[in-house]
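Colleague: fold the following.
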Amino acid sequence: MERRSFLQGAAAGAGLAATSSAGAAVTAPGLPNTRPKDPADLPLITDPGERRGEMLYRSFGRHAEKISAIGMGGFHLGKNAVSDDEATRLIHAGIDRGITFMDNCWDYNGGRSELRMGVALAQGGYRDKVFLMSKMDGRTKQEAMRQIDESLKRLRTDRIDLVQHHEILRYDDPDRVFAEGGAMEAFVEAKKAGKLRYIGFTGHKDPRIHLQMLEVAEERGFHFDSVQMPLNVMDAHFRSFGHLVLPYLLQAGIAALGMKTFGDGVILKSDAPIKPLEYLHFCLNLPTAVVITGIESQRDLDQAFEAVKTFKPMDRATVAELLARSKPYALQGKYELFKTSATFDGTAKNAAWLGEDVESVQKLAPTME
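Modeller: Have a look, this model is predicted:
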């Protein structure tokens, strides 16, 4: 099946099934089925990866390059609860034990996350031991390029291995990114200049918006290297990225970057009868290139390595049993606040990060009074 056909099939789907007060099925035409009949009917990994020391390593999508199956989340490293020295220590300890994937973003903690990571990676040759990723909010070429250059300075490097369009949350985000004078022009130009190696995008709101981004890219002949999205034991039941987006990425050779395993701790507040290691095992059991997890303490770091050490591929029956335990807590998205609230929507709260409309839009737009 060609990629466009796959996307159109996912976007059309069988309809969003809901239940009325009388129990009859209601179908909204044009929306994909986000209530799968079998939540465990997910793509599952068959090869856990290459084990070296304490870590597993997996291919970065269609590329031969290998990255660690666990990635270190940059947001948590920039929190007030973590000191500068402790952030450096955690980064070095993680790398020494085998983590190579470093996650970050231009806007995390007002730039402090990138600054701390830059300090740590500039010491002892650590920069050359990692696959460094950061994300940019800018939707115009000018703003995106400004943010890329600022991130390079903060991270104390001359290149970022992967740069991603951050928070693709709105249906107009793909059009803004790919517009004439849009952010994608900055990314492509930066890649040609050697400032970045690979291009991806992230988002956490709704899998249908991810499909929209992939379709707009397909229409313009662009093929992403990576896509970052929420993957967890709740997601399989509610507006599921695992069901709607992950199969396409696998088919297209695009690296799937898993995030929101614990939803910044919110999912753990559900008190679902699931152990923290099981949350991580579930995500590692999907065909992800990397599972990015927040690490702000030695306990978090040790837990991530324990998850890798104890991970074994799970069959569908085992996955189904785990998802059955999460189902009562997952059906309305109560604990996936990144989908059902504005709690995690940084660019919605700080629209200036996106930049102004591109020139062609400004010329066409009517005066709004």
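Colleague: residue 334 against residue 340, yeah?
Modeller: Yes - when contacts are counted by CB atoms under 8 Å, residue 334 is listed as touching residue 340 (7.2 Å). In short, each C-beta sits where N, CA and C put it, glycine included.
Colleague: would residue 199 count as being in a helix?
Modeller: No - assessed with DSSP: H, G, I helix; E, B strand; the rest coil, residue 199 is strand; it does not lie in a helix.
Colleague: ok, it - contacts?
Modeller: If you count contacts by CB atoms under 8 Å, 6 or more residues apart in numbering, residue 199 has them with 162-164, 184, 187-188, 191, 224-226.
Colleague: partner residues bridging it?
Modeller: Counting by DSSP bridges, residue 199 forms beta bridges with residue 163.
Colleague: if I look at residue 102, how far off is residue 304?
Modeller: Residue 102 sits 13 Å away from residue 304, taking CB to CB, to the nearest Å as the criterion.
Colleague: settle it for me: which of the two has more neighbours?
Modeller: For residue 102 and residue 304, the more surrounded residue by other CB atoms under 10 Å is residue 102, and the numbers stand at 31 against 27.
Colleague: so where is the protein shaky, pLDDT-wise?
Modeller: 1-6, 8-34 (pLDDT under 70).
Colleague: so where do the strands sit in it?
Modeller: With DSSP state E as the criterion, the chain has strands at 16-19, 25-28, 50-52, 55-59, 66-68, 70-73, 101-102, 131-136, 160-165, 196-202, 226-230, 255-259, 290-294.
Colleague: in a markdown table, list those along with distance to residue 282.
Modeller: Output for the strands of the chain, formatted as a markdown table (distance: least, CB to CB, whole Å):
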| stretch | distance to residue 282 |
| --- | --- |
| strand 16-19 | 24 |
| strand 25-28 | 29 |
| strand 50-52 | 19 |
| strand 55-59 | 15 |
| strand 66-68 | 18 |
| strand 70-73 | 14 |
| strand 101-102 | 19 |
| strand 131-136 | 22 |
| strand 160-165 | 23 |
| strand 196-202 | 20 |
| strand 226-230 | 12 |
| strand 255-259 | 10 |
| strand 290-294 | 9 |
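Colleague: out of the ones you listed, flag the one nearest residue 211.
Modeller: Across the strands of the chain, residue 211 has its closest neighbour in strand 226-230 (10.4 Å, CB to CB).
Colleague: can I get the contacts of residue 199 in JSON lines including distance to residue 246 and neighbour count?
Modeller: Shown next, in JSON lines, are these (distance: CB to CB, whole Å; neighbours: other CB atoms under 10 Å):
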{"residue": "162", "distance to residue 246": "18", "neighbour count": "24"}
{"residue": "163", "distance to residue 246": "22", "neighbour count": "31"}
{"residue": "164", "distance to residue 246": "17", "neighbour count": "27"}
{"residue": "184", "distance to residue 246": "23", "neighbour count": "23"}
{"residue": "187", "distance to residue 246": "23", "neighbour count": "27"}
{"residue": "188", "distance to residue 246": "26", "neighbour count": "14"}
{"residue": "191", "distance to residue 246": "25", "neighbour count": "15"}
{"residue": "224", "distance to residue 246": "14", "neighbour count": "21"}
{"residue": "225", "distance to residue 246": "16", "neighbour count": "21"}
{"residue": "226", "distance to residue 246": "13", "neighbour count": "23"}
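Colleague: let's have those residues in TSV, adding distance to residue 256.
Modeller: What follows is those, written out as TSV (distance: CB to CB, whole Å):
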residue	distance to residue 256
162	13
163	17
164	13
184	21
187	20
188	22
191	21
224	11
225	11
226	8
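Colleague: between those residues, which is closest to residue 365?
Modeller: residue 184 (20.9 Å).
Colleague: the closest one is in contact with residue 216, isn't it?
Modeller: No - under the criterion of CB under 8 Å, residue 184 makes no contact with residue 216, lying 9.9 Å away.
Colleague: spell out which residues are contacts of both of the two.
Modeller: Counting by CB under 8 Å, 6+ apart, the residues touching both residue 184 and residue 216 are 177-178.
Colleague: quick one: which of the strands of the chain is nearest residue 328?
Modeller: Going by CB to CB, the one of the strands of the chain nearest residue 328 is strand 16-19, 15.9 Å.
Colleague: count the neighbours of residue 350 for me.
Modeller: Look at residue 350: counted by other CB under 10 Å, it has 11 neighbours.
Colleague: er, residue 222 actually
Modeller: For residue 222, using other CB under 10 Å, the count is 15.
Colleague: ok now do the residue nearest the centre of the chain, which residues does it touch?
Modeller: Nearest to the mean C-alpha position of the chain, by CA atoms, centre = their mean, lies residue 228 at 2.3 Å. Taking CB under 8 Å, 6+ apart as the contact definition, residue 228 lies against 164, 200-203, 257-259, 292.
Colleague: many thanks, we can stop here.
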